[in-house]
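**Student:** Got a predicted structure plus its sequence, pasted below:
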Amino acid sequence: QTAPVPQAPLAPLYQALGEKPGIAALMGDFVDRMKANARIGKLFDEIKPAYLKEQLTDQICELSGGPCKYEGEEMKKSHEKLGIDKAQFNLVVEILQAAMDARAIPFSTQNQLLAKLAPMHRDIITVQ
Ligand code: HEM
C-alpha cells in the first residue's frame, strides 16, 4: 500500500478562473472580441490569433498562480511599436471585463485578475 502523493494546493485565483481550460476559453473569447472591435481590431491583423491566445493563456495561467510558464515576448517589446494610449488600454480592460462577464466570472475574481494586470500599463502604454 503506497501513501497518497501530496499535491501542492492550486492558487485560489487560478482555480476561480477555471484552471487552464477556463483560462484558455476566456482568452479565446477575449482575443476574438479584440479583433472584432472597431477601435483596436486592426492592430491584431499581423499576429496569428492561435499564437496570441496561447501566449495569453500561459501568461494569465502563470500570473494567477497556475502551473504554467509564459515564454512569449516581453510586454514592452511586443507593444512598443503599436503606439498604445491610455484610452486603448482602458478599452482592452473593458473588453476583458465583458469576456469575464460572459463566462459569469465573479466580480471579486475579475478584480483580482485586473489588479495583477494593471501594473503592466507602464510597459504597454507608450503614447500620452
Ligand atoms: C495588461 C494588458 C495586456 C496584456 C497582458 C497583453 C498581453 C499580450 C501578449 C502576451 C502578447 C503576445 C506577445 C508575443 O508576441 O509573444 C500581446 C501582443 C499584442 N498585444 Fe497585448 N496585452 C495587453 C494590452 C494590450 C493593449 C491595450 C493592446 C492594444 C490596444 C494590445 C495589443 C496587442 C497586439 C496588437 C499584439 C500583437 C503584436 C504583434 O503583432 O506582434 N495589447 N499582448
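**Tutor:** On my side now, so go ahead.
**Student:** drop to CA atoms for contacts and neighbour counts, all remaining ones
**Tutor:** Noted.
**Student:** now the strands for this structure?
**Tutor:** Taking DSSP state E, the chain contains no strands at all.
**Student:** what residues does it put near the ligand?
**Tutor:** Proximity of the chain to the ligand (C-alpha under 6 Å from any ligand atom) is limited to residues 40, 43-44, 46-47, 52, 55-56, 72-73, 78-79, 84, 88-89, 92, 117, 120.
**Student:** Which ones among these lie within helices?
**Tutor:** With DSSP state H as the criterion, helices contain Leu52, Gln55, Leu56, Ser78, His79, Gln88, Phe89, Val92, Leu117 from among the residues of the chain next to the ligand.
**Student:** how about those, which pair is most distant?
**Tutor:** Greatest spatial distance among these (C-alpha to C-alpha): Gln55 and Gln88, at 20.2 Å.
**Student:** Which one's more surrounded, these two?
**Tutor:** It is Gln55, of Gln55 and Gln88, that has more neighbours when counted by other C-alpha atoms under 10 Å, with 19 against 14.
**Student:** who touches that one in this structure?
**Tutor:** Neighbouring residues of Gln55 by C-alpha atoms under 8 Å, 6 or more residues apart in numbering: Tyr70, Glu71, Gly72.
**Student:** ok, of those residues, which come out buried?
**Tutor:** Among the contacts of Gln55, the ones that count as buried by 16 or more other C-alpha atoms under 10 Å are Tyr70.
**Student:** I'd like to know which of the contacts of Gln55 is nearest to the ligand.
**Tutor:** Closest approach to the ligand among these (C-alpha to the nearest ligand atom): Gly72, at 3.4 Å.
**Student:** if you skip the residues just before and after it, what's nearest to the closest one?
**Tutor:** Distances taken as C-alpha to C-alpha, 6 or more residues apart in numbering place Gln55 nearest to Gly72, at 6.0 Å, with adjacent residues excluded.
**Student:** hang on, the earlier thing: in ChimeraX, select just the buried ones from the residues of the chain next to the ligand.
**Tutor:** A single ChimeraX command selects the buried members of those (16+ other C-alpha under 10 Å):
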select :40,44,55,56,84,89,92
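**Student:** If you tally nearby residues, what's the number for Lys77?
**Tutor:** If you count neighbours by other C-alpha under 10 Å, Lys77 ends up with 10.
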